[in-house]
Structures are given as C-alpha cells and as structure tokens.
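A.B. asks: Here is a sequence with its predicted model. Questions after.
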Amino acid sequence: MSEPFVVEVWGEPAGVVLQEGNALRFHAIARRFFELDGVQFTTRGHARLAAAELVRARPMGRVAI
C-alpha cells in the first residue's frame, strides 16, 4: 500500500490521494474541491492539475468588510 499524498494548490490543502488498485482516488478536504471527491486519477500530478484547474476556473473573491 502506498502512502497518502496531500494535494495542495498555492499552499491551500485540497485533498488527499490514496492508491486504490491501479488508480489514485482523490478525497477532498476543502469545500472548494468537493467536486473532485472520489475522482480517480492515473498520477499524483493529474490530481494536482485538476485541483489547480478548479482554482483557476473559480477563484475565490475577497469579501469587503
């Protein structure tokens, strides 16, 4: 069994990737990455790219106080 791999995007924890058979399954740990929860990837890099694409496609805006 391989070690869990934490996926971060610009220092923000996105999820953990765990080996499941021949695939790597993404387990989201932050709300903005829930869309990827349960998705299988072939490499750790593909999982990180998918998480980074979510951030690029939907950046979090700053809230004025």
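C.D. replies: Looks like it arrived, so ask away.
A.B. asks: Which residue ranges of this protein form helices?
C.D. replies: For the chain, the helices defined by DSSP state H cover 44-57.
A.B. asks: What's the biggest strand in it, counting residues?
C.D. replies: strand 12-20 (DSSP state E).
A.B. asks: for that strand, packing partners?
C.D. replies: strand 5-9, strand 23-28, helix 44-57 (3 or more Cβ pairs under 8 Å, 6 or more residues apart in numbering; DSSP states H and E). In short, each C-beta sits where N, CA and C put it, glycine included.
A.B. asks: Check the average confidence over the second one, would you?
C.D. replies: This points to strand 23-28. Averaging pLDDT along strand 23-28 yields 97.
A.B. asks: Using CSV, write down the CA coordinates of that strand.
C.D. replies: The C-alpha coordinates for strand 23-28 follow below in CSV (Å, rounded to 0.1, in the frame of the first residue of the first chain):
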residue,chain,number,x,y,z
ALA,A,23,-5.8,4.1,-9.7
LEU,A,24,-5.4,7.0,-7.3
ARG,A,25,-8.6,8.3,-5.7
PHE,A,26,-9.0,11.9,-4.7
HIS,A,27,-10.5,12.6,-1.3
ALA,A,28,-11.4,16.3,-0.9
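A.B. asks: helices or strands up against that strand?
C.D. replies: Using 3+ Cβ pairs under 8 Å, 6+ apart: strand 23-28 touches strand 12-20, strand 40-41, helix 44-57.
A.B. asks: Now find how far off-centre it is within its chain.
C.D. replies: When C-alpha coordinates are averaged (Cα atoms, centre = their mean, to the nearest Å), strand 23-28 and its chain have centres 8 Å apart.
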